[in-house]
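Colleague: My questions are about this predicted structure, shown below with the sequence.
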There are 2 protein chains.
Amino acid sequence: MTYEGLEQYLSEEVSAGAAPQGLKDFLEEEHAADLAQFLEEYPVGAIWRALELLPLERQAAVFGYFPVDVQVGMAEVARRSQLPAIMSEMDSDDRADLFNNLSDEQRETLLPALSSAEREDIRRLAGHAEGTAGALMTSDYASLSPEITAAEALEKLRQEAPDKETIYRAYVINESRKLVGSVRLQQIILAQPREKISEIMETNTHAVMLDESQEEVARQISKYDILALPVVDNEHRLVGIVTYDDALDVLEDEATEDFHKAATIGKLDQGVSDASVFLLYQKRVYWLVILVFGNILSGAGLVYFEDTLLRFISLAFFLPLLMGSAGNAGSQSATLIIRALATGDIETGDWFKMLMKELFVAFLLGFTLAVVVSGLGVFKDGLEIALVVGMTMVSVIIFGSLLGVSMPFVLKRFGFDPATASGPLITSISDFVGVVIYFSIAAMVLL
Amino acid sequence: MTYEGLEQYLSEEVSAGAAPQGLKDFLEEEHAADLAQFLEEYPVGAIWRALELLPLERQAAVFGYFPVDVQVGMAEVARRSQLPAIMSEMDSDDRADLFNNLSDEQRETLLPALSSAEREDIRRLAGHAEGTAGALMTSDYASLSPEITAAEALEKLRQEAPDKETIYRAYVINESRKLVGSVRLQQIILAQPREKISEIMETNTHAVMLDESQEEVARQISKYDILALPVVDNEHRLVGIVTYDDALDVLEDEATEDFHKAATIGKLDQGVSDASVFLLYQKRVYWLVILVFGNILSGAGLVYFEDTLLRFISLAFFLPLLMGSAGNAGSQSATLIIRALATGDIETGDWFKMLMKELFVAFLLGFTLAVVVSGLGVFKDGLEIALVVGMTMVSVIIFGSLLGVSMPFVLKRFGFDPATASGPLITSISDFVGVVIYFSIAAMVLL
């Protein structure tokens, strides 16, 4: 049995009872992530019909892999008892996420059907600002007291294992819930049964505050190669953990957002395949209009130098390649800086070092391109034009590159996202400055 | 004691024996990743002096966090026995990486100093092509026979734990080393001691082939939220595992590479903070020169329509904003497609669906921008010019957007990297086509 069998089941209106055993076996064996990926294209009613062929725990696993908008759609048509049952089985961070996205009405019908522990857990997790460690964390961590023995700890973990996201590392908290250390499962297994946890635990456990940004949390998980990072409140009390799989997702999403921003596309909360035409329009039109006004400056520059242009119309030939090169070099340097700031390769304090380095690189690039276009200029319009375009090229490449390096630092310094220094923005600015430089040099040399 | 103490120790030429105990304690407590980050800025001799304050195992941990070029530099000045001792303690994948980067001479002095098992391990791991699962995997995985009991398995894992990257999941292989399943440590702990591994193992264990690309490996680890992915050869024999921390690094590096490519920067194997001026020049000049020749086309277009331009010089005012908008819209759509292909949000087969969607989005964008610039045109130069720039705007936005959507698909179809469809390349092409469209429409309406 394969996905074709599932497709057939969903297309016919047979009841769940009549589903062939082969299909159920297939659904049982297949990875929940794959099932979710296949099913999310179907209408929510059909998705429920497929899920109902699975035991509750598996239903929750598949449900957890759906994007939040699919989950919310499914919640709207779920039978009365279906949603609370699945939510009880979900990982606590996914559950809180879904809860944040439900309507007030849905929340009101849902809450009484959950246990009081679940309600309390949702309340604790759902209240944190999006994009922080608090919003990303789960409460399904294993904790131990420093006073118990290795044997007692192992027994406790054994009992708790099914409910925890990971028991590979347990966090050690004292009687006031303060984080005092952590201990790996294999350390407990290897220890003498009567050894105390306080004797075998590691005390230099990294932790982040509740309001730490999710990028920083993900970076730390990546840097220290750890499975999970504990989250503490102001009094260093343990309130949750962020696991590596969430860190992976955060890094991917952040990279996508920066990518889009670098091409002047606003933040998309869903993939481009699911986004509607109007949403894509909305996210793209904003900067396109702003840049039109930016480019008016270049147009005005051309009009200002109209006389020079009319007198030496051969200058027009070199206009696109001079403007283009400045923008291209500027986009390159802005991209290098934006990405290096995002990955932590450089810090805000490195701006002077990077600026100096860029000065050398830009000079080499400008000189190389100047040789290319001057050759072209001599061949096409003689020595004077060659001199003008060569000098212009060196100047605009240096201007564009220094602009590209500086702008992300300046934006960051004033609290903006450095990725706002997009290629098109850099290009618009250096186009305008390029026009002014080009015709100023031309006027100087040719008139 | 803090990093200042370490700085002072490194600046004075005191012997390791004279290092204060406080410094040693500090080094012992600090995370290896932090120490490596601090030390990598120092000359290789100084790094060795700091490492020698640590026990061998910790030396290897810190050493493992250095970038490969620092490791190679350190290897060059290491004392005879130092390198083999550290390499014996390193994770097998990091060790093979370093070995791949050593000179032939260094390899020859190194090999006899390693144990035969280590030599064999390096030989197995170091032979795989860069960028494949084989090059990324480690051989430090735990394996079990399906025939042994849970109690026997636990005892085996206990003994092996110190040498393995992860024992949280053990791989079950039969007598011919074929992968038949996997079992989590907590399943073994929870099982009856006399239950057989074959009874508790999961049989639908995902695995990848040796030559699978590292991006695909990382995507699967991210998709299935797993700690490690087993790697098998042609006969489905287990040869290694790739762990989630390597997947994190791969996804970060791939994103950086695509980022750079989108701004026409060649592949950098080191961070921009470490890269030399000349290396940065090399990686940037290539596309800048190619694009100069691309932009010559636009210049030639302007010269071709010289008469129209001279007669209606007011057209020059709108030139930068029309060309700019087409390039900007095209970069937006190319970026959306490139990133969606990279994250797996869309597949090659989705090109027609995406093209149709883009047609609608582009029409809306073109229409909006046309209204903006026509208004400007009426105000500045009257109705006829307004008509020309409005019609041109709709046409070039649609052309640029469709080019931006199609090019990544076409490149991928013919085996190139879709990210080669960079913003600047799209901009150059749509600039040229834009010039032709603009003056053709102008000639039609105005002459």
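Modeller: Happy to help now that I have it. Numbers count the residues shown, from 1 in each chain, chains lettered A, B, ... in the order given.

Colleague: Distance of the closest residue to A:Gly423 other than its chain neighbours relative to B:Gly423?
Modeller: Computed as Cβ to Cβ, 6 or more residues apart in numbering or on different chains, the closest residue to A:Gly423 that is not its neighbour in sequence is A:Ser331, at 3.6 Å. Quick note: C-beta positions are derived from backbone N, CA and C, even for glycine. Going from A:Ser331 to B:Gly423 by Cβ to Cβ, to the nearest Å gives 7 Å.

Colleague: list the residues that contact both of the two?
Modeller: Common contacts of A:Ser331 and B:Gly423, defined by Cβ atoms under 8 Å, 6 or more residues apart in numbering or on different chains, comprise A:423, B:263.

Colleague: re earlier: immediately after the one helix or strand the residue nearest to A:Gly423 maps to, which helix or strand?
Modeller: Using DSSP states H and E, A:Ser331 sits within helix A:315-343. The C-terminal neighbour of helix A:315-343 among helices and strands, as given by DSSP H and E, is helix A:351-381.

Colleague: Can you read off the pLDDT for the closest residue to A:Ala263 other than its chain neighbours?
Modeller: Once flanking residues are discounted, A:Ala263 sits nearest to B:Thr335: 3.7 Å by Cβ to Cβ, 6+ apart. With respect to pLDDT, B:Thr335 scores 93.

Colleague: List the contacts of B:Thr335.
Modeller: A:259-260, A:262-263, A:265, B:262, B:404, B:423.

Colleague: sorry, back to before: the residue nearest to A:Gly423 - how many residues pack around it?
Modeller: Here the count is done by other Cβ atoms under 10 Å in any protein chain shown, and A:Ser331 has 31 residues near it.

Colleague: pretty sure it contacts A:Leu425?
Modeller: No: A:Ser331 is beyond contact range of A:Leu425, at 9.4 Å (criterion: Cβ atoms under 8 Å).

Colleague: What score does A:Met1 have for pLDDT?
Modeller: Looking at A:Met1, its pLDDT reads 61.

Colleague: how about A:Asp211, secondary structure?
Modeller: With DSSP: H, G, I helix; E, B strand; the rest coil as the basis, A:Asp211 sits in coil.

Colleague: Next up, phi/psi of it, please.
Modeller: Backbone torsions for A:Asp211, taken as degrees, to the nearest 10, come to phi -100, psi 10.

Colleague: out of everything not next to it in sequence, what's closest to it?
Modeller: Counting by Cβ to Cβ, 6+ apart, the residue nearest A:Asp211 is A:Thr132, at 5.1 Å.

Colleague: Against which helices or strands is the lengthiest strand in chain A packed?
Modeller: Taking DSSP state E as the criterion, chain A has its longest strand at strand A:166-173. For strand A:166-173, the packing partners by 3 or more Cβ pairs under 8 Å, 6 or more residues apart in numbering or on different chains; DSSP states H and E come out as strand A:141-144, helix A:150-160, strand A:179-184, helix A:185-190, strand A:228-232, strand A:238-243.

Colleague: and of the ones you listed, who's closest to A:Asp350?
Modeller: Closest of the helices and strands packed on strand A:166-173 to A:Asp350 is strand A:228-232, at 26.0 Å (criterion: Cβ to Cβ).

Colleague: Return the list of helices and strands in contact with the closest one.
Modeller: helix A:133-136, strand A:166-173, strand A:179-184, strand A:208-209, helix A:214-224, strand A:238-243.

Colleague: Count the residues that sit near A:Gly415.
Modeller: For A:Gly415, the count of nearby residues is 6 (other Cβ under 10 Å).

Colleague: what secondary structure does it sit in?
Modeller: The three-state assignment at A:Gly415 reads coil, by three-state DSSP.

Colleague: From chain B, how far off is it?
Modeller: 23 Å (Cβ to the nearest Cβ, to the nearest Å).
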